[in-house]
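J.: predicted coordinates and the sequence they were generated for:
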Amino acid sequence: MDDIAAEIDDYLDRYAGTLTSYDAQAAAALWGSPGMILNDEQGAGVLESREAMARGLEQSYPLYRRLGLASVGFERLSHERLSATIYLVRVRWLFYDQEGNRMTDSLASYILRRGDGGLRAFVCVPADDVEKLQALAAEKGVSLSPRQGHQ
């Protein structure tokens with residue numbers, strides 16, 4: 001494995017750990033500023049600060065808890081060097097329940113930049129998270145209604 005692959009895997013492992021522990025501040029610290037989420041449904045959302053990123057992450061936690069999410073893993077599908085410090089990374093996130101059973105997965109691509117503080121994400125392009133989340137919620141009988149804590 002080349003050095004950048006190991007560095008990317010370490011980054012993704014730390015990011016998965018923040019998701020498993022529901023640590024929005026630690027997850028946001030792995031992002032550069034501003035950060036952008038670019039998707040088909042809502043277009044581009046720019047978060048100007050890590051504090052805004054943490055607030056956004058925290059809004060999804062009640063739903064993830066209701067769904068029974070206990071841990072997050074990943075498979076790095078590919079990485080490509082775009083410039084001296086910028087990489088395109090494709091990831092399959094794996095979501096597990098308390099018993100270690102895989103609940104669902106989700107594909108995403110990230111633009112990561114290596115700086116003095118290591119790798120940071122600046123852009124995320126989720127591919128299928130909305131559909132997978134809706135299917136899991138329907139399977140578990142969990143409402144995605146904003147009144148019940150998901151925004």
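T.: Now that the structure is in, tell me what you want to look at.

J.: isn't Leu133 right next to Leu144, touching?
T.: Yes - taking contacts as C-beta atoms under 8 Å, Leu133 lies within contact range of Leu144: 7.4 Å. Where C-beta positions appear, they are placed from N, C-alpha and C, glycine not excepted.

J.: adjacent strands (with direction) for the longest strand belonging to the chain?
T.: Criterion DSSP state E: the longest strand present in the chain is strand 102-115. Strand pairing for strand 102-115, determined by DSSP bridges: strand 86-96 (antiparallel), strand 118-126 (antiparallel).

J.: and the shortest one, average pLDDT?
T.: It stands for strand 118-126. Taken as a whole, strand 118-126 carries a mean pLDDT of 95.

J.: give me the contact list for it.
T.: 7-8, 11, 15, 30-32, 34-39, 87, 106-113 (C-beta atoms under 8 Å, 6 or more residues apart in numbering).

J.: of those residues, select the buried ones using a PyMOL command.
T.: Of these, the buried ones go into a single PyMOL selection, burial set by 16 or more other C-beta atoms under 10 Å:
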select buried, resi 7+8+11+15+30+31+32+35+36+37+39+87+106+107+108+109+110+111+112+113
